[in-house]
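Undergrad: Provided below for reference: sequence and predicted model.
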Amino acid sequence: MRRIFPLLLILMLLPGLACSSSALPFLQPTPTVFVLPTFTPSPTPPPTPTATSLPPTREVQPVPAWVAEFADPILAALAGQYPAYKDDFSGYNLGWFYVKRESPDGPFYAHLEDETLLLKIPDEREFRDAMVYNPSMIRRDFVLSVDFKFGKTQPHDILRFQFNQSAEQSVQLDLSKHEDWNFDWSLRAPLQSITGTYEYFSPEFINVTIILRGTECAFYLNHDPLGYLSDCRSGSVVEKSPRAVSFHLLSTTGYEALIMIDNVKLWDLEKVPGLP
């Protein structure tokens, strides 16, 4: 009887519990709301340009007075004038020779290759001074234009243009691969000279123009005025020798050296009309 009473009690309470639970409100789950953050775009600044260094500005040198007084009238008179001698070395050897020092043999025809005139060391017995000459270059007053470039050679090797006026007089222009130039003359002993520097852009050809008229001498490199002397010689004189005008390759070491020459032009100023 005691075991039956608790069971009856539970059965009597169940209907009331059901009623009371139906009276409770039904709870709906609240959905989770995700709120995205708001971003305010800010303008991107333009990139700062990287500063680049500009090449140095070449200083413009004033034009020397001798250009207008001496050289310009001569060069202007050459306009339209065919040179007295011209050689681009595209055909036969037009009178270019060389000799071997301390040898009775020769003269020999100078070396032509790839339409250029070559001065090279070593060449036979030549280890210091390779020389070529052309008797057609011998004039008293003239303008000489030559294109040249250094090949495999040492920095201090030299291209020389030499003009022998007599046994006591000579004029010569030296251009080294080291970009130094030297102008020597021996009007009166001892030998005198002026020096300077120039710009050489290897492996391009560079032009040298030399003017000798009366007692005056001037020269240009790539058509820029470079040097001038009012009394480089005693006058319009020239040595009576087939080698009075010569081109040289001077080696400072005796190692392999090479210079290529092209487009040789010479105007005889005694035959150019209109010169003052």
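TA: It's in.

Undergrad: please look at Lys100 and Ala130 and confirm they touch.
TA: No - Lys100 is not in contact with Ala130 according to C-beta atoms under 8 Å; the separation is 10.3 Å. C-beta coordinates here come from the backbone N, C-alpha and C atoms, glycine included.

Undergrad: what about these two, which has more around it?
TA: For Lys100 and Ala130, the more surrounded residue by other C-beta atoms under 10 Å is Ala130, and the numbers stand at 25 against 14.

Undergrad: identify the residues contacting the more buried one.
TA: Tyr98, Leu119, Lys120, Ile121, Asp123, His248, Leu249, Ser251, Ala257 (C-beta atoms under 8 Å, 6 or more residues apart in numbering).

Undergrad: give me the phi and psi for it.
TA: Backbone torsions of Ala130, given as degrees, to the nearest 10, read phi -100, psi 120.

Undergrad: pull up the gap between the residue lying closest to Val264 once chain neighbours are set aside and Asp174, please.
TA: Once flanking residues are discounted, Val264 sits nearest to Asp87: 4.7 Å by C-beta to C-beta, 6 or more residues apart in numbering. Here the criterion is C-beta to C-beta, to the nearest Å. By it, Asp87 lies 23 Å from Asp174.

Undergrad: likewise Lys149?
TA: Using C-beta to C-beta, Lys149 is found at 16 Å from Asp174.

Undergrad: which helix or which strand is home to Val171?
TA: strand 170-176 (DSSP states H and E).

Undergrad: so how far is that strand from its chain's centroid?
TA: Put simply, strand 170-176 sits 21 Å off its chain's centre (C-alpha atoms, centre = their mean, to the nearest Å).

Undergrad: please apply the same query to stretch 242-261.
TA: Taking the mean of its C-alpha atoms, stretch 242-261 sits 22 Å from the chain's own mean (C-alpha atoms, centre = their mean).

Undergrad: quick one: end-to-end distance for that stretch.
TA: Distance between the two ends of stretch 242-261: 20 Å, counting by C-alpha to C-alpha, to the nearest Å.

Undergrad: check what pLDDT the residue nearest to Ala84 when sequence neighbours are not counted gets.
TA: Leaving out its chain neighbours, the residue that sits closest to Ala84 by C-beta to C-beta, 6+ apart is Asp268, at 4.2 Å. Turning to Asp268, the model gives it a pLDDT of 97.

Undergrad: next, the contact list for Asp268, please.
TA: Ala84, Arg139, Asp141, Phe142.

Undergrad: among these, which one has the lowest pLDDT?
TA: For these, the pLDDT minimum is Arg139, 93.

Undergrad: look up the closest residue to that residue, ignoring the ones flanking it.
TA: Asp268 (4.9 Å).

Undergrad: okay, and the beta partners of the residue nearest to Ala84?
TA: Counting by DSSP bridges, Asp268 forms beta bridges with Phe142.

Undergrad: so what secondary structure elements neighbour the helix or strand that the strand holding Val171 is followed by?
TA: Toward the C-terminus, strand 170-176 is succeeded by strand 180-185 as the next helix or strand (DSSP H and E). Where contact means 3 or more C-beta pairs under 8 Å, 6 or more residues apart in numbering; DSSP states H and E, strand 180-185 is packed against strand 170-176, strand 192-197, strand 216-221, strand 224-229.

Undergrad: looking at those, which has the lowest confidence?
TA: Mean pLDDT is lowest for strand 192-197 among the helices and strands packed on strand 180-185, at a mean of 89.

Undergrad: now the angle from it to strand 180-185?
TA: Between the axes of strand 192-197 and strand 180-185, defined by axes from the mean of the first three to the mean of the last three C-alpha atoms, to 10 degrees, the angle is 160 degrees.
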